[in-house]
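# dropping a prediction and its sequence here:
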Amino acid sequence: MQKIFKRIFNRIVIFGLALVLQLVWSLVFIIRLSNYSAYVSVVLTLASVVATIWIINKDENPVYKLAWIVPILLAPLFGGLLYLLVGNKKPSRKMRRKLEAVEKRTDQEYLQGESLLLRAEREEPYGAGQMRYIQRLKYPVYRHTETKYYELGDTMFPDILDALKGAKHFIFMEYFIIGEGRMWGSILEILEEKAKEGLEVRLIYDDMGCVSLLPLGYDRYLEHKGIKCMAFNPFVPLWSLAMNHRDHRKILVVDGHTAFSGGVNLADEYINEKMRFGHWKDTGFCLKGDAVWSYTMMFLQMWHGFRPEKEEFRKYRPQVWHREPFTSDGYVQPYGDSPLDSEVAGENIYLNILNQARRYVYIFTPYLIIDNEMQTALCLAAKRGVDVRIVMPGIPDKKVIFQLSRSTYPPLLRGGVRIYEYTPGFLHAKSYVCDDEIAVVGTINMDYRSLYLHFECGTYFYKSSLVEQVKEDVLKTIGKSREIRLEDTGQGFTGGLLRAVLRLFAPLL
């Protein structure tokens, strides 16, 4: 514990010193500019006007536009400059160039599955439209894939350890959070052993996600142990545009034929070894078969974007190290979402489910910070007679974000959506289940960061045994949750004003 506090303290000191230096520089700059205040005022006002016109004409969510136009109107001198400096949601040009270069290469590997999609369109028209949309994003639909669902990280962890111990050729891992403790310690021990045996072991972790959890230079520490490691988008203790764009994915691939994903990161709270916000409710799944190829390719695209190597991707295909045929369990379609393009795939897939639902849609999400399109889709589905239920945490991990999430309750409740809060603790799962036929499980929260700014992944399941398991899990979780009524959302003038302000600036949080 002392080591963790020391790391946090050191990083805070570094960040504090950099911030003080930046403030001093800014103060000196402003004082010198004051001699030319009239000219500076004209220039900055012009910059604000240009920024406002630019924002209005941009092809992006109107809520995000409004969140920037208001501060520009409130502070016309500096609002425009602030937007020009930090308002662009797109990843840095350097990051875009790296990932787009390797994307052209991986696209060739995804060009498959059209015949299976045509078969689905003939036999399963209800789910095939969504499959067509995801395949347009270059993520094929698969059969010949076994599925297994986990209601908790506690039950997923032993299977992860068994899969790692059974690895014979390679291990790829990509996680938003890694924290030292029993979970990561057990995994690291196996990874070291496998690297010594000559297996190819690669790891990507998000540097911001691990900023207070791992020592500085942890990637180099792992490299010394024979584990190839990359810290994604390294944390710099100064304001950085690229800090917006995090690798929020959770991917584990073993020998090309077995993959794990879902909401579970590699830290002790995810397996309830450490209690942070009551009982930690999370979900995940395991795939064995053809569909694992998409997760392998997602990992390789991220890896080669920043550490390009000359290698043949096809040597990592599922059938290379697993000659026996796989069992089919419905249609399985993994997909990724990226801030590199203008396609908000994660949100669109959720919206498609809501728009085509006939009987019910049950949702797990830790955050509920949504735009008008999502709010309208949820309410319209409920008004059509669809049983729409959302399960949220009962104990929040971030109190301000929780209050912001709660500010969305009243219009949803008035629209007929039922909302529950998981009484035993924090719910970190991200999933949709619909009409006993469709399920989506992945890493994508219902908030602006997940839907617009982060690298994410999920899997669409159609007529798979996993669908019923997700439904049963939701109903069981609802049994441990408190249903929220409209009268429970009363907040008074001060609380209402605070939540209104938070909602206005929600896209920037």
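Looks like it arrived, so ask away. Numbers count the residues shown, from 1 in each chain.

# okay, CA-based contacts and neighbour counts for the rest of this
OK.

# and the gap between Val332 and Lys138?
According to Cα to Cα, to the nearest Å, Val332 stands 14 Å off from Lys138.

# which one's more surrounded, the two?
Val332 (29 against 20; other Cα atoms under 10 Å).

# in the stretch 351-500 of the chain, what residue spans correspond to helices?
For the stretch 351-500 of the chain, helices defined by DSSP state H, counting those that start in this stretch occupy the ranges 372-383, 399-406, 409-414, 448, 465-478, 492-504.

# who are the packing partners of the longest one?
Which is helix 465-478. Packed against helix 465-478 by the contact rule (3 or more Cα pairs under 8 Å, 6 or more residues apart in numbering; DSSP states H and E) you find strand 145-150, strand 360-364, strand 418-422, strand 431-434, strand 438-442.

# so which of the ones you listed is nearest Arg97?
Nearest of those to Arg97, taken as Cα to Cα: strand 438-442 at 26.6 Å.

# which residue, other than its chain neighbours, is closest to Val361?
Cys434 (4.5 Å; Cα to Cα, 6 or more residues apart in numbering).

# my read: that neighbour touches Ala357, true?
Yes - look at Cys434 against Ala357 with Cα atoms under 8 Å: they come within range, at 6.5 Å.

# who has more neighbours, these two?
Cys434 (26 against 22).

# okay, the helices of the stretch 351-500 of the chain in CSV with mean pLDDT next?
Formatted as CSV, the helices of the stretch 351-500 of the chain follow (pLDDT from 0 to 100):
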stretch, mean pLDDT
helix 372-383, 96
helix 399-406, 86
helix 409-414, 94
helix 448, 86
helix 465-478, 98
helix 492-504, 64
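
# now distance to Phe172 and mean neighbour count too, for the ones you listed, in CSV please.
Converted to CSV, those look like this (distance: least, Cα to Cα, whole Å; neighbours: other Cα atoms under 10 Å):
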stretch, distance to Phe172, mean neighbour count
helix 372-383, 34, 18
helix 399-406, 32, 18
helix 409-414, 40, 17
helix 448, 28, 20
helix 465-478, 24, 19
helix 492-504, 39, 14
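
# how about the ones you listed, which one is nearest Asp247?
Asp247 lies closest to helix 448 among those, at 14.6 Å (Cα to Cα).

# gap between the closest one and the chain center?
How far helix 448 lies from its chain's middle: 10 Å, per Cα atoms, centre = their mean, to the nearest Å.

# now Met156: phi and psi?
phi -80, psi -30 (degrees, to the nearest 10).

# which one is it nearest to, not counting chain neighbours?
Nearest non-adjacent residue to Met156 (Cα to Cα, 6+ apart): Tyr150, at 5.7 Å.

# give me the beta-bridge partners of the one you found?
Counting by DSSP bridges, Tyr150 is bridged to Gly284.

# can you check Asp387 too?
For Asp387, the beta-bridge partners are Tyr360 (DSSP bridges).

# mind checking how far it is from Gly479?
Going from Asp387 to Gly479 by Cα to Cα gives 16 Å.

# over to Ile369?
Distance from Ile369 to Gly479, by Cα to Cα: 24 Å.

# these two: which is more packed in?
The neighbour comparison of Ile369 against Gly479 (other Cα under 10 Å) goes to Ile369, with 23 against 13.

# how far away is that one from Tyr409?
The gap separating Ile369 from Tyr409 is 10 Å, by Cα to Cα.

# again, but for Pro318
For Pro318 relative to Tyr409 (Cα to Cα), the value is 44 Å.

# tell me which of the helices of the stretch 351-500 of the chain sits nearest to Asn233.
Using Cα to Cα, these put helix 448 closest to Asn233, at 19.4 Å.

# if we can go back for a sec, any chance of the helices and strands packed on helix 465-478 in CSV, with mean pLDDT and distance to Lys196 too?
Shown next, in CSV, are the helices and strands packed on helix 465-478 (pLDDT from 0 to 100; distance: least, Cα to Cα, whole Å):
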stretch, mean pLDDT, distance to Lys196
strand 145-150, 98, 30
strand 360-364, 98, 40
strand 418-422, 98, 44
strand 431-434, 98, 38
strand 438-442, 98, 32
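
# among these, which comes closest to Tyr270?
That would be strand 145-150 among the helices and strands packed on helix 465-478, by Cα to Cα, at 12.3 Å.

# keeping just the C-alphas, turn the closest one into CSV.
Coordinates of each C-alpha in strand 145-150 appear next as CSV, following Å, rounded to 0.1, in the frame of the first residue of the first chain:
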residue,chain,number,x,y,z
THR,A,145,-17.6,-20.6,-32.5
GLU,A,146,-18.3,-21.9,-28.9
THR,A,147,-19.4,-19.3,-26.4
LYS,A,148,-19.3,-19.1,-22.6
TYR,A,149,-20.7,-16.3,-20.4
TYR,A,150,-19.5,-15.2,-17.0
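
# what residues sit buried inside that strand?
Across strand 145-150, burial judged by 16 or more other Cα atoms under 10 Å covers Thr145, Glu146, Thr147, Lys148, Tyr149, Tyr150.

# ok, the fourth one touching Leu287?
Okay, so that is Lys148. Yes - in this structure Lys148 lies within contact range of Leu287 using Cα under 8 Å: 6.7 Å.

# tell me the contacts of Tyr335?
Ile134, Tyr139, Ser294, Tyr295, Cys457, Gly458, Thr459, Tyr460 (Cα atoms under 8 Å, 6 or more residues apart in numbering).

# now do 6 Å
Applying Cα atoms under 6 Å, 6 or more residues apart in numbering, we find Tyr335 in contact with Tyr139, Cys457, Gly458, Thr459.

# so it: helix, strand or coil?
With DSSP: H, G, I helix; E, B strand; the rest coil as the basis, Tyr335 sits in strand.

# same question, Val201
strand.

# now do the contacts for it.
Phe170, Ile171, Ile227.

# walk me through the domains of this protein.
Domain ranges of the chain: 2-86, 93-337, 345-508, per automatic domain parsing.

# where does pLDDT dip in the stretch 151-300 of the chain?
Low-confidence segments of the stretch 151-300 of the chain, defined by pLDDT under 70: 236-244.

# what segments of it are strands?
Remark: strands assigned in the stretch 151-300 of the chain by DSSP state E, counting those that start in this stretch are 170-175, 200-206, 228-232, 250-254, 258-262, 279-281, 284-289.

# how close does the residue nearest to Ser294 when sequence neighbours are not counted get to Ala381?
Spatially, and ignoring its direct neighbours in sequence, Ser294 is nearest to Pro334 (6.2 Å; Cα to Cα, 6+ apart). Noted for Pro334: a distance of 25 Å to Ala381, by Cα to Cα.

# before we move on, the earlier item: so what sits opposite the residue nearest to Val361 in the bridge?
When bridges are called by DSSP bridges, Cys434 pairs up with Val361, Ile438.

# could you check how far it is from Tyr149?
16 Å.

# ditto for Phe313
According to Cα to Cα, Phe313 and Tyr149 sit 28 Å apart.

# repeat for Ile369
Ile369 is 27 Å from Tyr149, by Cα to Cα.

# same question for Pro424.
From Pro424 to Tyr149 the distance is 21 Å (Cα to Cα).

# cool, and Ser342?
Counting by Cα to Cα, the separation of Ser342 from Tyr149 is 31 Å.

# what do you get for His245?
To Tyr149, His245 is 29 Å away according to Cα to Cα.

# now swap in Met297 and tell me
22 Å.
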